[in-house]
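1. task: produce atomic coordinates for the following.
(2 chains)
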Amino acid sequence: NAGVTQTPKFRVLKTGQSMTLLCAQDMNHEYMYWYRQDPGMGLRLIHYSVGEGTTAKGEVPDGYNVSRLKKQNFLLGLESAAPSQTSVYFCASSYSTGQGSNQPQHFGDGTRLSIL
Amino acid sequence: DAKTTQPPSMDCAEGRAANLPCNHSTISGNEYVYWYRQIHSQGPQYIIHGLKNNETNEMASLIITEDRKSSTLILPHATLRDTAVYYCIVSPFIFGNEKLTFGTGTRLTIIP
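-> The predicted structure is shown next:
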């Protein structure tokens, strides 16, 4: 059981380049999330999804887009990378009871992204 | 707006109980208290959560005060592998709003 898998684990980009981070979960979870973590700080929510085909903005959504075309995958896109987006990106997923959820989130091991 | 307050760092001797405090004086009636930890830049790991009753699982115990304004995470027999940053988070039980807001947490160091 792989849990939450993030691809790639490391990436270096030049300013202005685009890329997509992939998150895949095999736990049949309804909810998925993208966070970023900067040095010495806690995680900040970028975007999240409560189901296939639906997405919503989190705390720091600017400069990012997301898509949830399949229940098991949640993609995070950077259209034009900027040095301020240098960070570690974490994906998470959680189960929903369907009436609001207090279920814990399961995290991947992160993608370390550097923008030069 | 910080919902929780935690000490920035703590030490604990190996084999002893580690007690990590958290203040959440503005907690609402529908908000749960969650604890996660992050070991050496890995993804955060869920530990335990509760609403108002004390909770225990195989990893830890969670003690919530009667007024719910503070809580304590207890690791009963700390090992070196428990060295990590521990996050205390309050989050509402509202459909479609299950978002976690991470602060800077408590850096717990287990001393051999």
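2. partner residues bridging the nearest residue to A:N65 once chain neighbours are set aside?
-> Of all residues not flanking A:N65 in the chain, A:G77 sits nearest, at 4.5 Å (C-beta to C-beta, 6 or more residues apart in numbering or on different chains). From N, CA and C alone the C-beta is placed, and that goes for glycine too. In this structure, A:G77 has the following beta-bridge partners (DSSP bridges): A:T20, A:N65.
3. quick one: contacts for A:G77?
-> Remark: with contacts taken as C-beta atoms under 8 Å, 6 or more residues apart in numbering or on different chains, A:G77 is in contact with A:18-21, A:64-67.
4. same question, B:L62
-> Under the contact definition (C-beta under 8 Å, 6+ apart), the residues listed for B:L62 are B:33, B:35, B:48-50, B:54-56, B:71-74.
5. of those, closest to chain A?
-> B:H49 (6.5 Å; C-beta to the nearest C-beta).
6. which residue packs closest to that closest one, ignoring adjacent ones?
-> Of all residues beyond its chain neighbours, the one nearest B:H49 is B:Y34 (4.3 Å), with distances taken as C-beta to C-beta, 6+ apart.
7. the one you found - how many residues pack around it?
-> Close neighbours of B:Y34, defined as other C-beta atoms under 10 Å in any protein chain shown, add up to 22.
8. so which helix or strand takes in it?
-> strand B:31-38 (DSSP states H and E).
9. for B:S25, same thing?
-> Remark: B:S25 resides in no helix or strand, with elements defined by DSSP H and E.
10. would you agree A:T5 is in contact with A:G108?
-> Yes. With contacts defined as C-beta atoms under 8 Å, A:T5 counts as touching A:G108 at a distance of 6.2 Å.
11. which bits of chain A sit near chain B?
-> With the criterion set to C-beta under 8 Å from any C-beta of the partner chain, chain A comes near chain B through A:4, A:31, A:33, A:35, A:40-45, A:48, A:50, A:56, A:58-59, A:88, A:90, A:92, A:94, A:96, A:98-110.
12. please flag which of those sit within strands.
-> A:4, A:31, A:33, A:35, A:43-45, A:48, A:50, A:56, A:88, A:90, A:92, A:94, A:106-107 (DSSP state E).
13. having no further points to raise, I will conclude here.
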